[in-house]
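Undergrad: Attaching a predicted model along with its sequence, questions to come.
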Amino acid sequence: MAMPAVAKRWTAKEVRALIEASPLHSPRYELIDGELLVTSAPNLDHQAAVKALVLILSGYLDTQRVGDAYLAPFEIELEHESIVQPDVFVVPPLPRPRPRKIRQLNQLLLAIEVISPSSARGDRFKKRMYYARNHVPEYWVADLDARVFERSTPDEPRPEVLADSITWHPAGAVHPLIVDLPEFFRDVLGEALPPE
């Protein structure tokens, strides 16, 4: 569950100590505006959604070559004294050869969170504002229960709620990525195709 853990102002140093002390990076710790957000281990549907998103994005980025897709846990520090670990994220192409030990990244092309009822506040409000003020071009929130994606951009404070498809056309890409959302949710939730 994502929630403020303790009513105090946390520092990045304190949060990194928690991360280092956590076995297998569970729970996940993030820091925004001095608030510690703690997320417990995800369920199978959540992990299926993360896996599907990484595969979709990786396939697209193999053809468009505008970035690389990764998944949490991994530290992103877009501003001083902050740590976020989006479920799925895309970064601009890394230098080749890539450095062997990258502990932190500071630029995103896309950040995605797959929410649960307990993480909704952090994902929908704290993180949306954080990514907008740090000029992340797009932020998606995947809601498995409602079967929608919410897309936000720095220029639009209200998220666009999408149920049919979501399109991503990052700078430098020739063709957009279009994800059929009913198909995505059926696959992720392990449902059979509807009868014809």
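TA: Done, it's in.

Undergrad: State the distance from the residue nearest in space to the middle of the chain to T153.
TA: Nearest to the mean C-alpha position of the chain, counting by C-alpha atoms, centre = their mean, stands I112 at 2.7 Å. With distances taken as C-beta to C-beta, to the nearest Å, I112 is found 14 Å from T153. Where you see a C-beta, it was placed from the backbone N, CA and C, and this is true even at glycine.

Undergrad: which residues do these two both contact?
TA: Counting by C-beta atoms under 8 Å, 6 or more residues apart in numbering, the residues touching both I112 and T153 are Y139.

Undergrad: re the thing from before, what's the spacing between the residue nearest to the centre of the chain and L189?
TA: Using C-beta to C-beta, we find I112 at a distance of 17 Å from L189.

Undergrad: ditto for A142
TA: 12 Å.

Undergrad: again, but for L53
TA: 14 Å.

Undergrad: And these two? Which one has more around it.
TA: Taking neighbours as other C-beta atoms under 10 Å, L53 and L189 compare with L53 leading, 23 against 13.

Undergrad: that's a helix at that one, yeah?
TA: Yes: assessed with DSSP: H, G, I helix; E, B strand; the rest coil, L53 lies in a helix.

Undergrad: Contact partners for the closest residue in space to it that isn't next to it in sequence?
TA: Excluding its sequence neighbours, the residue lying closest to L53 (C-beta to C-beta, 6 or more residues apart in numbering) is V88, at 4.6 Å. With contact taken as C-beta under 8 Å, 6+ apart, V88 is in contact with V50, L53, V54, L57, A69, Y70, L71, A72, L110, A111, I112, V114.
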